[in-house]
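S.K.: Attaching a predicted model along with its sequence, questions to come.
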Amino acid sequence: MKKWLIILAGAVVFIGGCKEGKQASTVPAKEPAIDAGQIEHGGWLTDFEKAVAKAKVEGKYVLIDFSGSDWCGWCIKLDKEVFSQQAFKDYAKDHLVLLLVDWPQQAANSKEVQAKSQPLMEKFGIDSFPTVILLDPNGEPVDKTGYRPGGAEAYVDYISKVIASAKK
């Protein structure tokens with residue numbers, strides 16, 4: 001009997017692990033931690049004031065990703081093709097402060113995350129996902145875009161041109 005309980009417990013742990021693994025593969029790697037102010041994977045912040053303050057101190061632009069990370073197909077595609085790619089990460093490290101404003105539906109804490117995201121969505125007039133807002137180091141908007149085809153290199157090229165134009 002003990003042997004079967006051990007096997008059953010192992011199966012439950014295995015199935016639970018597979019379920020989590022499946023979610024991780026369909027949800028972007030940048031899943032928010034509500035109170036942490038920063039997401040563990042990739043260095044995306046979740047606190048607007050902290051992101052703007054950091055950008056001002058470091059002289060960087062803020063890239064805000066308004067995302068429905070666990071349900072929006074285009075958001076998941078943008079994360080997979082651009083934000084999770086090394087070319088984007090390398091560029092962002094030197095030029096951007098990354099901020100995720102998420103609107104999840106399936107996450108256990110989705111209502112809390114949505115409540116935190118709502119004021120920023122209203123402030124920037126967000127009505128669809130994904131929407132990407134680029135702010136200058138003082139927190140002023142300089143561009144509004146979304147998913148763009150071409151992958152990480154094309155996205156970096158676009159952002160760098162926007163920044164160069166904003167600096168003029």
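M.R.: Received it, and whenever you're ready, just let me know what you need.

S.K.: measure the spatially most central residue of the chain to Asp70 for me?
M.R.: A centroid search over the chain (CA atoms, centre = their mean) returns Leu100, at 4.0 Å, as the residue closest to the centre. Taking CB to CB, to the nearest Å as the measure, Leu100 falls 12 Å from Asp70. Backbone N, C-alpha and C define where each C-beta goes, glycine included.

S.K.: same check, this time on Lys54
M.R.: Taking CB to CB, one finds Lys54 at 26 Å from Asp70.

S.K.: now do Val156
M.R.: Val156 is 26 Å from Asp70, by CB to CB.

S.K.: And the strands in the chain?
M.R.: Per DSSP state E, the chain carries strands over the ranges 61-67, 96-102, 131-135, 141-145.

S.K.: mind saving the C-alpha coords of the first one as CSV?
M.R.: Extracted C-alpha coordinates of strand 61-67, given in CSV (Å, rounded to 0.1, in the frame of the first residue of the first chain):
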residue,chain,number,x,y,z
TYR,A,61,14.2,55.4,-22.3
VAL,A,62,11.3,53.4,-20.9
LEU,A,63,9.7,50.7,-23.0
ILE,A,64,6.2,49.9,-21.7
ASP,A,65,4.7,46.6,-22.9
PHE,A,66,0.9,46.6,-22.3
SER,A,67,0.2,42.9,-22.6
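
S.K.: Can you list the strands that that strand pairs with?
M.R.: Partner strands and pairing direction for strand 61-67 (DSSP bridges) are strand 96-102 (parallel), strand 131-135 (antiparallel).

S.K.: most packed of the ones you listed?
M.R.: Ranked by mean neighbour count, those are led by strand 96-102 with a mean of 25 (mean count of other CB atoms under 10 Å).

S.K.: Contacts for it, please.
M.R.: For strand 96-102, contacts defined as CB atoms under 8 Å, 6 or more residues apart in numbering pick out 30, 32, 39, 42-48, 51-52, 54-55, 58, 60-69, 83, 92, 113, 117, 120-121, 126, 159.
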